[in-house]
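Chemist: Predicted coordinates and the sequence they were generated for:
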Amino acid sequence: MGRRIWWVAGFALAVVLAGAAACGLKGPCNAANCPGCCDASGACQGGSTANACGLDGNGCVECAATQACQIGVCTLVSGSSCATGSCPDGGGGGGGGASGNRADGTLGAWAVVTPMPVPRANHCSAAAGQFLLVAGGNYKPAGGSSFVSVDDIHSASVAEDGTLGAWTLAGKLPSPGTDCVLAVSGTTVVLLGGLFDTAALDGDVWTTTLALNGTLGTWQLVGTLPYGRRALGVGAETKAGKVLLSDAALVSETNEAVLALATLGNPLGSWTKTQYWPQFRGKPSLAFTDAAAFFLGGYDGTNAVLSDVTGIPLDADGAPGTPVATTALPAGRTFGAAAGADDYVFNFGGRDQLFGVAPQANVISAKASGASLGPWTAQAPLPEPRSNHTATVVGDFVFILGGGNNGPGLDAVYRAQIRHPVH
């Protein structure tokens, strides 16, 4: 039934867009009367094909042979490399944005951009084509004595030059909550549980569809998480129609940390687990390149903060290989955020102890070769220390969203260029 609902919704949208193009428009084609793109003749096109790609009344763009039109943006397809979360069939942190730029391990200057509508820490975020999504989290209202959980999901478009558009309410989580996990495959958004106010939902997996305007449809329950409760890892990615999830089991369970794999669908396929650490490992940072997943730091069952880094090779179908220990972080780090871009891994902020210390502003990067990393190099620090934040790459830019600085949760968003012209 769920698939039929989505097919009908998608068909109806296609009819509306096709009608706008076929019937003609009164007045010039623009954002007010064209949800897709305006072609050279001034006609409104659907904006979802490779020869006429675009959104919101902007001019239609013809995508290159190595690109597909995803949510109105020409995006490099898997095999040609793609930006995190924006490949038609899923992600991998590797590849250039639509501009053809590539990461070289450096970052441009940090800029403070459009703040989120509500403060957030312990939230989740993801890239979906040109859109940046942020969901859930918690914050302490001014004058309040306790933290409030959020169920809002907001989206904002990212222009090719990194300009972040206005935030709009894209939808709601099934319940207010924190520690949610988002992943995106094409226009399918996957929610992999969280720590919800309605605790019975913590271990569930849902999917929905992202519309051309950046809003979400109704969540469809498709399965449960690997251990039947919320994930104790830090994130997820999609690749070749599968979802890869970071998770861990407590000492009282099987005492391990894993990368879990399942095939996307309704219902979700069965989970398989690849153990990358022989005991519990909480809140590492997680970054994906096209070739591997990297787990950075975290803390163990004694609350000791780790500097260890583990790489797991991934084949073209997303299947994990044998984990390998690789170049450790310069110091222990947890509750930070990481991102992959092409052949580089970046780590942003975090804390060097679990309790009683201020977060860090440090940013470091290392070049990846398969599942191994080269030496870490210091980059320009964040404008302000951060922990419990997220890092998401959209096109040529990385966005640091929310988090805390020994405070009540923040609405701030920082941006830096992570991909640069190839010389």
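Modeler: That came through, no problem.

Chemist: If the spatially most central residue of the chain is in a bridge, with which residues?
Modeler: Central residue of the chain (CA atoms, centre = their mean): Ala126, 2.4 Å from the mean position. Counting by DSSP bridges, Ala126 is bridged to Leu133.

Chemist: Could you report the separation of it from Thr208?
Modeler: 12 Å (CB to CB, to the nearest Å). Placement of C-beta: from N, CA and C, glycine included.

Chemist: any shared contact partners between the two?
Modeler: Val189 (CB atoms under 8 Å, 6 or more residues apart in numbering).

Chemist: What segments of this structure are helices?
Modeler: With DSSP state H as the criterion, the chain has helices at 2-23.

Chemist: Domain parsing of it, as residue ranges.
Modeler: The chain resolves into domains spanning 2-62, 111-417 when parsed by automatic domain parsing.

Chemist: tell me the mean pLDDT for the longest one?
Modeler: The average pLDDT for domain 111-417 rounds to 96.

Chemist: cool, and the shortest one?
Modeler: Confidence over domain 2-62 (mean pLDDT, whole number) is 63.

Chemist: For the domains of the chain, give me CSV that also has distance to Val73.
Modeler: As requested, the domains of the chain are exported to CSV (distance: least, CB to CB, whole Å):
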stretch, distance to Val73
domain 2-62, 7
domain 111-417, 4
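
Chemist: of all those domains, which lies closest to Gln70?
Modeler: For the domains of the chain, proximity to Gln70 was assessed by CB to CB; domain 111-417 is nearest, at 4.5 Å.

Chemist: and the closest one, how far apart are its ends?
Modeler: One end of domain 111-417 to the other measures 10 Å (CA to CA, to the nearest Å).

Chemist: And that domain, how far out from the chain middle?
Modeler: In terms of CA atoms, centre = their mean, to the nearest Å, the centre of domain 111-417 is found 7 Å from the chain centre.

Chemist: Make residue 1 into 23 and carry on from there
Modeler: Done: numbering now begins at 23, and the last item shifts to domain 133-439.

Chemist: sorry, back to before: would you point to the one among the domains of the chain that's packed deepest?
Modeler: Of these, the one with the most neighbours on average (mean count of other CB atoms under 10 Å) is domain 133-439, at a mean of 21.

Chemist: Tell me how far Thr344 lies from Ala313.
Modeler: In this view, Thr344 and Ala313 are 14 Å apart by CB to CB.

Chemist: One more: Arg441?
Modeler: From Arg441 across to Ala313, the span is 17 Å (CB to CB).

Chemist: Next: Gly304.
Modeler: 26 Å.

Chemist: next one: Gly159
Modeler: Note on Gly159: its distance to Ala313, by CB to CB, is 31 Å.

Chemist: what does Arg437 give?
Modeler: Separation of Arg437 from Ala313 (CB to CB): 26 Å.

Chemist: Cross-check the contact I'm expecting between Thr399 and Asn384.
Modeler: No: contact criterion CB atoms under 8 Å: Thr399 and Asn384 do not qualify, at 11.5 Å.

Chemist: ok, which stretches of the stretch 173-322 of the chain are strands?
Modeler: Assigned by DSSP state E, counting those that start in this stretch, the stretch 173-322 of the chain shows strands spanning 190-200, 204-207, 210-214, 217-218, 226-231, 242-246, 258-261, 264-271, 278-285, 294-299, 307-310, 314-318.
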